[in-house]
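# Below are the sequence and a predicted model for it; my questions follow.
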Amino acid sequence: MKNTLKTVLALVVLVTMSAFTTVGTGYDIGDIATDFELKNIDGNMVSMEDFNEAKGFIIVFTCNTCPYAVAYEDRVEALNKKYADQGYPVIAIMPNNTDVKPGDSMENMKARAKAKGFTFPYLMDEGQRIYPQYGATKTPHVYVLERTKKGPQVKYIGAIDDNYKDASAVTKRYVEDAVDALLAGKEVPEQKTRAIGCSIKV
């Protein structure tokens, strides 16, 4: 009886621990990111390898339906306009299950990109294979990668800045600070922040 009780208690502890444990948390700072090949809103397949002149990438997991993602759309576009010509283009990836969020369908992605005038690729993570590799949990969730001999190395993970509500009230521009540091050959000042947004729908 005692052994049975011990076994039950051990199972309870194991289940409780597993509830708070994230298996496969994705990339960390310094990891080399695997390239992807995902469908863009123009119908073409896009990978990081396609950007021959890029020094790195601003990978943004985002969508049409999350209020946080919508609040950041103009700022994501501004990042691409500021840094694409300097070698750090934005690549946006929509990670949600479109059965759960029909508003994030490819047709709706196309319409949103056209309405907002996106100048960056807006890709669909069909089959939801890529966002778990990165460890993205929110929309938006940003990864700044620097191209190295080994491959694209993760240099920053987290939020775009410190105020999703009001762009004019931002005091810390995490992504800009990261890219500016990399362009200057310096260490990224703040490598990880907490992404603020909607949970990715599976």
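All right, it came through fine.
# wait, is Arg75 part of a helix?
Yes - assignment of Arg75 by DSSP: H, G, I helix; E, B strand; the rest coil places it within a helix.
# Report the separation between it and Thr25.
26 Å (C-beta to C-beta, to the nearest Å). Heads up, the C-betas are built off the backbone N, CA and C, glycines and all.
# of those two, who's got more company?
More crowded of Arg75 and Thr25, by other C-beta atoms under 10 Å: Arg75, with 18 against 11.
# which residues sit in contact with that one?
By C-beta atoms under 8 Å, 6 or more residues apart in numbering, the contact list for Arg75 reads Ile160, Asp161, Ala167.
# List the residues that contact Glu187.
Residues near Glu187 by C-beta under 8 Å, 6+ apart: Ala181.
# how close does it get to Tyr88?
In terms of C-beta to C-beta, Glu187 sits 16 Å off from Tyr88.
# Now, of the contacts of Arg75, which are buried?
Taking 16 or more other C-beta atoms under 10 Å as the criterion, what is buried in the contacts of Arg75 is Ile160, Asp161.
# Looking at the contacts of Arg75, which is nearest Thr62?
Of all the contacts of Arg75, Thr62 sits closest to Ile160, with 9.8 Å by C-beta to C-beta.
# I'd guess that closest one is in a strand, am I close?
No - read with three-state DSSP, Ile160 is coil and lies in no strand.
# coming back round to it: which of the contacts of Arg75 lies closest to Val202?
Looking at the contacts of Arg75 and their distance to Val202, the nearest is Ile160, at 23.0 Å (C-beta to C-beta).
# so that closest one makes contact with Tyr72?
Yes - the pair Ile160 / Tyr72 is scored as a contact, 5.6 Å apart, by C-beta atoms under 8 Å.
# Show me the common contact partners of the two, please.
In contact with both Ile160 and Tyr72: Pro140, using C-beta under 8 Å, 6+ apart.
# So which residues of the chain form helices?
When secondary structure is read from DSSP state H, the chain shows helices at 2-19, 67-83, 106-116, 130-134, 174-183.
# Most tightly packed of these?
The highest mean neighbour count among those, using mean count of other C-beta atoms under 10 Å, belongs to helix 174-183: a mean of 21.
# Skipping adjacent residues, who's closest to Gly26 in space?
Setting aside the residues directly before and after it, Gly26 is nearest to Gly135 in space (C-beta to C-beta, 6 or more residues apart in numbering), at 1.7 Å.
# Thought Asp31 was touching that neighbour, still the case?
No - Gly135 is not in contact with Asp31 according to C-beta under 8 Å; the separation is 9.5 Å.
# Is Thr193 in contact with Gly158, as I believe?
Yes - between Thr193 and Gly158 there is a contact under C-beta under 8 Å: 3.3 Å.
# shared neighbours, these two?
Common contact partners of Thr193 and Gly158 (C-beta under 8 Å, 6+ apart): Tyr174.
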